[in-house]
Structures are given as C-alpha cells and as structure tokens.
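Participant: With the sequence up front, the predicted model follows.
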Amino acid sequence: MFNNLFRDQLSLGIFQAAITVVLALAVMLVGRQQKIHLEVEVMIALVRGIVQIVAVALALVVIFKGPEVVAVPVLFGMLVTASVVAGRRVKDIPGSIMVSFYGITFGAGLVILLMVLAGVINPALTSVIPVGSMLIANAMNTCAQALERFASDIKAHTGQVEAGLALGATPGEIVRPYSQSAVHTSLIPRIDSLSSLGIVWIPGLMTGMLVAGTDPIYAAIYQFAVITMMFASSGLTSVVSVLLVQRRVFSPAQQLMLRPGTLLKK
Amino acid sequence: MIILETAGLSRTVDNKILVTDISVKVERGEVVSIVGPSGAGKSSFLRLLNRLDEPTAGTVYLDGLDYKTIPPTQLRRQVGMVLQAPYLFPGTVSENLRFGPKQHGQVLEDSRLHRLLEQVGLPGYADREVTRLSGGEAQRVSLARTLANSPEVLLLDEPTSALDRHAEAEVESLLREIIATEQLTCLIITHNPAQALRFSNRSMRLEAGKLVKFGPVEEVVHV
C-alpha cells in the first residue's frame, strides 16, 4: 500500500527495512520486560545483517560477471565466516571455531562439491553461490545448535558423566546419549523444513524460479532437491561437529573439563 | 603392605590452592577417614586419587606403580569411587550394576548381580527402574555399582551426607559390613566425627588443602 508513496525502489526498500526493524525492536522490548536481555546481540545482528547483505548484493553484481572459479574463494569465505559464527556459540569450549570449520566444511563443502560434480548444482556463479550459501547457512545453524545442546547437556549432567568415568567408562561411551541428543535436536528444524515443504513454507528459490518463467514442476522438484541437500549437509555437519567437540571437553587423561561456570583453558 | 601412596600430591586451579603437597601411605585393607572443615580440600584430594582431576604436582602410586602409567579407565576400575549423590543412569538397577564390567568387555553374571544386591540390602531390586528408588536405595545401588567392578581401593565421598537420618544409619551400617567382609582398602570423607571413629583405623585432617594431621583416628578426631 506504500508502494505508490515512493518514486524509487531504494527509498521503498529503506522504508520497508525500517518497518521491520521497528518490529524487531518491539520484540526486543517485550524481551526486556521479561528480563530477557537481547538488546546488544539484536542491535549488532541488525546492523551487521543490513550492512552485510547490501555489500554482498553489490559484490554479487560484480562477481556474477567473473569466471566460474570465483565461486571457490567466495564459498570458502562463507565457510570461514559461518564457522566463526557457529563456534562462538560455545565460547567455553576451546577450539570450537575449528570444530565448526571442520564440521561445516565436511558437511556443506562436501555436499556442494559432490552435487556440482553430479550436476545437481549448476556450476554457473548465479546458481552455485546462492545454493551454496543456503547449504552453508543451514549447516552453520545446525552446527551452532548441536554444539550448544551438547555443551549444555554435559554441563547439566556433570554428575552422571563423572559417575560413568569413575566406573571406568571412556568419554566417548559416557557422552554418547548427549551426542545423539545433540545431533537429533539440531536436525529437527531441517526435518520439519522437509515435511512442511509447500504446505507451511513456500521457499523463495522456487518462487524466484517461477517468476523467472521456469517450468513449475521443475521449480518445485529442484526446490525439493535443495531442501534435501540442506538436510544432508546439515546432518553431516552435525555428526562431525559433535564427534570432534567430544574430544575437546575431556583432557588427555579422560577428565571432564567442561563444568558449569568454567571457561576451559586452551 | 602399602597399596596406595601419594607423593607431594598437589592441585592448584587459577592460582587457588585446592590440595598442596600431601604425602601419605595407606596399607592394604586399611580404612582411612578424611576429615576437616568445608573447603579444606577433602573432595579435591579424593578426586586426585582416581585421577578424576589431574594433579598439578606430585603423583599417586598404586601397588608401587605410578598411576600416570596406568590407563585411566583401568585405574578407575581399580580405585572405585562412590560420590556424594548416587547419579544413577536412566534404566533399571541391573543395567546400572552391569555398566562398569561392560566397559571392559565383561558380563556381570546374574548370580554375582543378585549377590551384590543382597549385600547392599536390596534383594529383588534388579528389574526396578532407578526412578522408583528412594534416596537411600539409590545410594546403595550406587555402592553396588562400584563394587561390581571389584575395586582394590574404595573411595567414599560423604556417601551418607545426602540421606535422611534413617537412611544414613542404614547405608553406614551396610558400608561398614561390606568393607569388613570384603577387606577393602577404603578412604572415606566424613563430616561426622563419630562416623569417622566407627569407620576408620586412621584419619587424616585437612585444612586449606594441607595435611595437618595423620594418625590413629582417636588422635585426629575428637567427638
């Protein structure tokens, strides 16, 4: 309804973004009233989000004109950034950023590579970068959720973990239920995405393809393929990240280092 | 014959001294109580004995062998520990008892399982879910679970402190009986001087992480 008030798209975009920011600020205030303090985190995320996405949009215009090999450094940069974001969620575990990097690279990186080789992802920059970024972003969220869940479960069950160690169990054996729970919990959103596809959620990729005139059945099937790739890359990321992080919460002498309120030494 | 010896055992975390320079020798079959005020380092000392925590200096000799040369999983089976709270694993009592032996590829025979349950006064409890146990019963299962590993040394970290008076008396009496029958070497932390006198031959008093007295229990503990 406001479209007619703005002569150019830029002004309209700024207005639309401002409205959504007001909404986000309102949520922040509701949280504040409930003593859930998200102010700093949300403000930083909002500023970072708008600056990054505008910068990327401008960069993509240039990148899309380059050779296909440009996708490699672009996706690698995304992998590194995603690792830092996910790893920071569990600051009390040393090396969590490297754990995230290995997990996301093994999950999203491997799936992107295999799917490009298999011809599922078109190697054209206009395809591999947006689809790759979707896979990396989902792997990042899954990794963060898995690591956070694993760390909080261990901290909540230090007694049980140490009781197991005191009975001669290996760390791997004693944390197995928490690892399984972390992987399962982190994959719930991905499974929900698959099962609600088209009913609750009509993804933007398919909509864009339809608007661009692609055959609707093909657009739908390709969207399904992308969501399935997201599940696969997230699943691999979650399993690898949790397997790697297990080793970081125990000392070489199999002592539990992660306890509530402790910050592990590097 | 010395079964356990600590040599200059110390642990400091973030410049905070938890245990400092403790050297003691424990004879096979002996019961030693560990007493001292809260925060004296009693639990920290006990946790060093089965290497649940790492000493920052010194070491422990088990049967004359530096325990750093023994794989931690093996060491912790030899030096069993019953914690303040039972921390049972979800499932049945028998699953909890079978846990330890299973870790080193052994199967706890049914006859031994039932004998252990009888020993801790819980005959017929094998198939009971741990969620249906009282505090005293859970602590007794925790004791049986540790004994299922046939430890050479038993570490008890205030095993009755979380129980009500009735359950405390029951568990204490069971413990004393089992330690005597099995001729276990045992180190027990207690806040209760009378309990220390009932349980142990010798006692060590810790204060601010230091060993201030070690000798016959009557000389260290005063009711």
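Facilitator: That came in fine, so what should we check first?

Participant: ok, which stretches of chain B are helices?
Facilitator: Taking DSSP state H as the test, the helices found in chain B are B:42-49, B:72-78, B:93-103, B:110-119, B:135-147, B:165-182, B:193-199, B:217-220.

Participant: These: lowest mean pLDDT?
Facilitator: Between the helices of chain B, the lowest average pLDDT goes to helix B:165-182, which shows a mean of 82.

Participant: which strands and helices sit next to that helix?
Facilitator: Applying 3 or more C-beta pairs under 8 Å, 6 or more residues apart in numbering or on different chains; DSSP states H and E, one finds that helix B:165-182 contacts helix B:110-119, helix B:135-147, helix B:193-199. Bear in mind the C-beta positions are built from the backbone N, C-alpha and C, glycine included.

Participant: can I get the CA coordinates of the last one in CSV?
Facilitator: The C-alpha trace of helix B:193-199 is given here as CSV (Å, rounded to 0.1, in the frame of the first residue of the first chain):
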residue,chain,number,x,y,z
PRO,B,193,33.5,-37.3,63.9
ALA,B,194,31.5,-40.2,65.4
GLN,B,195,31.2,-41.8,61.9
ALA,B,196,35.0,-41.4,61.4
LEU,B,197,35.6,-43.2,64.7
ARG,B,198,33.2,-46.0,63.8
PHE,B,199,34.6,-46.5,60.3
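
Participant: Show me what counts as buried in that helix.
Facilitator: Residues of helix B:193-199 classed as buried by neighbour count (16 or more other C-beta atoms under 10 Å in any protein chain shown): B:Pro193, B:Gln195, B:Ala196, B:Leu197, B:Arg198, B:Phe199.

Participant: Also stretch B:33-49?
Facilitator: In stretch B:33-49, counting by 16+ other C-beta under 10 Å, buried: B:33-36, B:40-49.

Participant: and what of stretch A:104-113?
Facilitator: Neighbour counts using 16+ other C-beta under 10 Å place A:Ile104, A:Thr105, A:Phe106, A:Gly107, A:Ala108, A:Gly109, A:Val111, A:Ile112 of stretch A:104-113 among the buried residues.

Participant: Which member of the residues you listed is positioned nearest A:Met43?
Facilitator: For the buried residues of stretch A:104-113, the residue nearest A:Met43 by C-beta to C-beta is A:Ile104; the value is 26.1 Å.

Participant: is it true that the closest one lies in a helix?
Facilitator: Yes. Inclusion of A:Ile104 in a helix is indicated when DSSP: H, G, I helix; E, B strand; the rest coil is applied.

Participant: residues from the stretch 101-250 of chain A in reach of chain B?
Facilitator: A:Gly159, A:Gln160, A:Glu162, A:Ala163, A:Gly164, A:Leu165, A:Ala166, A:Leu167, A:Gly168, A:Ala169, A:Thr170, A:Glu173 (C-beta under 8 Å from any C-beta of the partner chain).

Participant: redo that, cut-off 7 Å
Facilitator: A:Gly159, A:Gln160, A:Glu162, A:Ala163, A:Leu165, A:Ala166, A:Leu167, A:Gly168, A:Ala169, A:Thr170, A:Glu173 (C-beta under 7 Å from any C-beta of the partner chain).

Participant: Just the buried ones out of those, please.
Facilitator: A:Gln160, A:Glu162, A:Ala163, A:Leu165, A:Ala166, A:Leu167, A:Gly168, A:Ala169, A:Thr170.

Participant: Pipe those residues into CSV and attach pLDDT and secondary structure per row.
Facilitator: Formatted as CSV, these follow (pLDDT from 0 to 100; DSSP: H, G, I helix; E, B strand; the rest coil):
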residue, pLDDT, secondary structure
A:Gln160, 94, helix
A:Glu162, 95, helix
A:Ala163, 95, helix
A:Leu165, 96, helix
A:Ala166, 95, helix
A:Leu167, 96, coil
A:Gly168, 95, coil
A:Ala169, 95, coil
A:Thr170, 95, coil
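
Participant: out of those residues, who's nearest B:Gln119?
Facilitator: A:Leu167 (17.4 Å).

Participant: Pop out the phi and psi values for that closest one.
Facilitator: With angles defined as degrees, to the nearest 10, A:Leu167 sits at phi -90, psi 0.

Participant: excluding its backbone neighbours, what's nearest it?
Facilitator: Distances taken as C-beta to C-beta, 6 or more residues apart in numbering or on different chains put B:Gly100 closest to A:Leu167, at 4.2 Å, once the chain neighbours are dropped.

Participant: how far away is that neighbour from A:Met78?
Facilitator: 47 Å (C-beta to C-beta, to the nearest Å).

Participant: With B:Leu9 instead?
Facilitator: 50 Å.

Participant: swap in A:Asn122?
Facilitator: Applying C-beta to C-beta to A:Asn122 and A:Met78 gives a distance of 18 Å.

Participant: Compare neighbour counts for those two and give me the winner.
Facilitator: Neighbours were counted for A:Asn122 and for A:Met78 using other C-beta atoms under 10 Å in any protein chain shown; A:Met78 has more, 21 against 14.

Participant: In three-state terms, label that one for me.
Facilitator: Quick answer, by three-state DSSP: A:Met78 is helix.

Participant: hmm, back to that, which among the buried residues of helix B:193-199 gets closest to B:Pro216?
Facilitator: Of these, the one sitting nearest to B:Pro216 (C-beta to C-beta) turns out to be B:Leu197, at 10.5 Å.

Participant: and the residue nearest to B:Ile2 when sequence neighbours are not counted, how many neighbours?
Facilitator: Nearest non-adjacent residue to B:Ile2, counting by C-beta to C-beta, 6+ apart: B:Lys25, 4.9 Å away. Per other C-beta under 10 Å, the neighbour tally for B:Lys25 reads 13.
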